[in-house]
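Visitor: model the following, please.
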Amino acid sequence: MELSLLPLMLLLISNIRPAHTQGQEASEEYSKAPKPRLTVQPEPSQIFRGDTVTLTCDIQGEDWTYTWQCGDEQHNSEEKEFKITAQLKQSCKCKGCRESFCSEWSDAVTLSVSGKPKLTVKPQSSVFTGDTVTLICDEGRSTGRTIYWFKNFQRIKAGSETETLRKVRVSDGGRYACTVEKKTTQSQGVVLTVGERPKPVVRVKPDGRLFRGGQTVTLTCDIQETDVTSWRYSWNKDDSVINVSQSQEYRISSVSESHTGNYSCTGRETGGSRYSHTSDKVTLTVSGSSGLEFSVAHALIIGVIAGLSVTFLLMFLLARLWCCKHNKGAGSPSPSTEHQLQNISQTSEQKKSGQTPPRSDRLQ
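Guide: Predicted coordinates for the structure are as follows:
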């Protein structure tokens, strides 16, 4: 009889469960399912594309298996934290399950993903010494957050969205980038190039003193080698602009006295903001007559003076001869007098022809 009771006792024992287990099952079966609380780090409004975002699903109790849903994708994890790389704007939520019992879905959190801060340089990224450059870090929001500035991958300062570099030097050149406060994602780097401002040289062809008479003068504005691909040249005469063109040559046809003055030039980048120094001044002097006219006039004056001198000498000699004849009466001139007159006549003829007279013999 006692042996027959043993199977019945074993059956009763196997059906007995702990009271706390029965209470938990009854609580899960009849109580309302809990609702998780989803938190996001960093703040949803401060997420940039490429950032690592940490999602945390808080549910009362332990031994939960978590389900994450972001956009159209679901992920299961034993951990209450889930990390994703933000690429685009999306909504995320979570829930927990334990055996056959599951919680509700948490409230959805929208990740407002922004792109990297955008760095722009005004007026341009290639400038000359002395220019003013403005760096602008655009994060897509006007929140007034601190912007960290970097040069050659080293942080140089914390400031606002705009950074101004005045009277830049060659040493200010380098790679610049920016990032938003408490962010690690930097903007795309921008390389700032600072070169020495060039000074043109004006060359004149032909060089020297210029005269009126149809000559053409060409002025050339020569700017040293730079990375500027195209210049617009501004020509000045006595500090007033007289011509602006793409050609580095300024040509003056048929120069006259009105073209006399001081000339200089300046180059400005076509389609850009860069400009050169102003060249040193070059003085052009234009006389009132041509060199050929001056030479001919000079030769004519010399010829007239020589002719008048010879004529005056002949008239003087003839007057002397006339006086001699009348003083001596009807007599003939002595041989020595005739010889002198002959030498004087030959000398006059040779002067007219431009020859040098031979030295005469001493008179006996």
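Visitor: what sits against residue 312?
Guide: With contact set as CB atoms under 8 Å, 6 or more residues apart in numbering, residue 312 has no partners. The C-beta positions use only the backbone N, C-alpha and C, and glycine is treated the same way.
Visitor: give me the three-state assignment for it.
Guide: helix (DSSP: H, G, I helix; E, B strand; the rest coil).
Visitor: okay, it: pLDDT?
Guide: Per-residue pLDDT puts residue 312 at 74.
Visitor: same question, residue 131
Guide: Residue 131 is given a pLDDT of 96.
Visitor: how about the helices in the protein?
Guide: 6-14, 19-30, 291-327, 335-353 (DSSP state H).
Visitor: is it true that residue 63 touches residue 98?
Guide: Yes - in this structure residue 63 lies within contact range of residue 98 using CB atoms under 8 Å: 5.5 Å.
Visitor: between the two, which has more neighbouring residues?
Guide: residue 98 (15 against 9; other CB atoms under 10 Å).
Visitor: any idea how far that one is from residue 37?
Guide: 17 Å (CB to CB, to the nearest Å).
Visitor: now do residue 177
Guide: 37 Å.
Visitor: those two - which one has more neighbours?
Guide: residue 177 (21 against 13).
Visitor: where does the chain have low pLDDT?
Guide: Along the chain, segments meeting pLDDT under 70 span 1-31, 45-46, 140-144, 182-184, 208-209, 211-214, 288-304, 306, 325-364.
Visitor: walk me through the domains of it.
Guide: Following automatic domain parsing, one gets these domains for the chain: 32-114, 118-195, 201-287, 299-353.
Visitor: first to last residue in the longest one, what's the distance?
Guide: By that I understand domain 201-287. Domain 201-287 has an end-to-end distance of 25 Å (CA to CA, to the nearest Å).
Visitor: ok, residue 320 - how many residues close by?
Guide: Quick note: residue 320 (other CB under 10 Å) scores 13 neighbours.
Visitor: before we move on, what about residue 264?
Guide: Neighbours of residue 264 using other CB under 10 Å come to 19.
Visitor: for it, give me its contacts.
Guide: 202, 235, 236, 278, 279, 280, 281, 282.
Visitor: can you redo the residues you listed as CSV with neighbour count?
Guide: Formatted as CSV, the contacts of residue 264 follow (neighbours: other CB atoms under 10 Å):
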residue, neighbour count
202, 17
235, 21
236, 18
278, 15
279, 22
280, 11
281, 15
282, 16
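Visitor: return the subset of these lying in strands.
Guide: With DSSP state E as the criterion, strands contain 202, 235, 236, 278, 282 from among these.
Visitor: which one of these is nearest to residue 162?
Guide: Taking CB to CB as the measure, residue 162 lies nearest residue 278 of those, at 31.4 Å.
Visitor: check contacts around the closest one.
Guide: 199, 200, 236, 264, 265, 266.
Visitor: can you pull the contacts of the fifth one?
Guide: In other words, residue 265. 200, 202, 219, 221, 233, 234, 235, 236, 250, 278, 279 are the contacts of residue 265 under CB under 8 Å, 6+ apart.
Visitor: check the first one too.
Guide: Contacts for residue 199 were tallied using CB under 8 Å, 6+ apart; they are 224, 276, 277, 278, 279.
Visitor: same thing with residue 77?
Guide: 65, 66, 68 are the contacts of residue 77 under CB under 8 Å, 6+ apart.
Visitor: can I get these in TSV including neighbour count and distance to residue 171?
Guide: What follows is the contacts of residue 77, written out as TSV (neighbours: other CB atoms under 10 Å; distance: CB to CB, whole Å):
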residue	neighbour count	distance to residue 171
65	14	60
66	22	55
68	19	51
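Visitor: nearest to residue 159, of those residues?
Guide: Distances from residue 159 to the contacts of residue 77, taken by CB to CB, are shortest for residue 68, at 38.6 Å.
Visitor: which residues does that closest one bridge with?
Guide: Beta bridges link residue 68 to residue 75, residue 94 when assigned by DSSP bridges.
Visitor: hang on, it packs against residue 74?
Guide: Yes - Residue 68 is in contact with residue 74 according to CB under 8 Å; the separation is 6.7 Å.
Visitor: ok, and the closest non-adjacent residue to residue 139?
Guide: By the measure of CB to CB, 6 or more residues apart in numbering, the closest residue to residue 139 outside its immediate chain neighbours is residue 117, 4.6 Å from it.
Visitor: count of neighbours near the nearest residue to residue 248 once chain neighbours are set aside?
Guide: Closest residue to residue 248 apart from its sequence neighbours, by CB to CB, 6+ apart: residue 221 at 4.8 Å. Residues lying near residue 221 (other CB under 10 Å) number 23.
Visitor: now swap in residue 69 and tell me
Guide: Counted with other CB under 10 Å, residue 69 comes out at 17.
Visitor: and the one 10 residues further on, by the same measure?
Guide: Close neighbours of residue 79, defined as other CB under 10 Å, add up to 11.
Visitor: give me the distance between the residue nearest to it when sequence neighbours are not counted and residue 34.
Guide: Residue nearest to residue 79 in three dimensions, not counting chain neighbours: residue 66, with 7.0 Å by CB to CB, 6+ apart. Note on residue 66: its distance to residue 34, by CB to CB, is 13 Å.
Visitor: find the residues that touch each one of the two.
Guide: Common neighbours of residue 66 and residue 34 (CB under 8 Å, 6+ apart) are residue 96.
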